[in-house]
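# mind folding the following:
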Amino acid sequence: MTQPLLLKAAIYSLAFLWIFTGLTSLFFSPEIGYQILTEANISGSFADVAIYSGGFLDILIGIWLLIPFKRKLCCIAQVTVIVTYTLLLTFIDIGFWLHPFGPVTKNIPIVVLIGYVYLSCLNSTSDNENKINGV
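Alright, predicted model coming up:
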């Protein structure tokens with residue numbers, strides 16, 4: 001697989017992940033988010049704000065990835081959000097690290113993929129080159 005094709009696959013995969021996660025949090029299974037927040041004694045309007053802001057943030061990051069604008073900054077934002085979510089889940093219930101579906105441990109390879117996108121952006125001469133190449 002050529003380098004540009006691999007980069008596009010990484011970007012589209014990450015964008016799908018962020019957008020789908022946001023949609024899931026907002027529309028498909030918000031009750032799971034509320035259940036997790038309840039374990040941390042977070043409920044009511046604060047839980048609503050957490051669910052909706054987190055869901056919209058995820059969708060925004062996914063869309064941002066698809067737009068060749070300040071993609072390096074987008075990568076930094078992604079890692080920041082993932083680390084924040086990981087720390088919050090760890091403090092809420094450290095058992096998420098041992099969950100058989102790996103909701104927290106999957107963050108490690110995701111961060112590696114984001115690192116690949118970031119390094120690929122560093123190797124390009126500018127955001128204009130990314131626009132020309134469509135990545």
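
# can you map out the helices along the chain?
3-23, 30-39, 44-66, 71-92, 107-123, 127-133 (DSSP state H).

# format those as JSON lines; extra columns: mean pLDDT.
As requested, the helices of the chain are arranged in JSON lines below (pLDDT from 0 to 100):
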{"stretch": "helix 3-23", "mean pLDDT": "96"}
{"stretch": "helix 30-39", "mean pLDDT": "95"}
{"stretch": "helix 44-66", "mean pLDDT": "97"}
{"stretch": "helix 71-92", "mean pLDDT": "97"}
{"stretch": "helix 107-123", "mean pLDDT": "95"}
{"stretch": "helix 127-133", "mean pLDDT": "49"}
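
# between these, which one is closest to residue 99.
Minimum separation from residue 99 across those (C-beta to C-beta) falls at helix 71-92, 9.6 Å. All C-beta spots, glycine's among them, are computed from the backbone N, C-alpha and C.

# sorry, back to before: turn the helices of the chain into JSON lines, columns for mean neighbour count and distance to residue 99.
Putting the helices of the chain into JSON lines (neighbours: other C-beta atoms under 10 Å; distance: least, C-beta to C-beta, whole Å) gives the following:
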{"stretch": "helix 3-23", "mean neighbour count": "16", "distance to residue 99": "16"}
{"stretch": "helix 30-39", "mean neighbour count": "14", "distance to residue 99": "11"}
{"stretch": "helix 44-66", "mean neighbour count": "16", "distance to residue 99": "19"}
{"stretch": "helix 71-92", "mean neighbour count": "16", "distance to residue 99": "10"}
{"stretch": "helix 107-123", "mean neighbour count": "15", "distance to residue 99": "12"}
{"stretch": "helix 127-133", "mean neighbour count": "13", "distance to residue 99": "36"}
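
# if we ignore the residues flanking it in sequence, what's nearest the residue positioned nearest the centre of the chain?
The C-alpha lying nearest the average C-alpha coordinate of the chain belongs to residue 18 (C-alpha atoms, centre = their mean; 4.7 Å). For residue 18, the nearest residue in space outside its immediate sequence neighbours is residue 62; the separation is 3.3 Å by C-beta to C-beta, 6 or more residues apart in numbering.

# no further questions, thank you.
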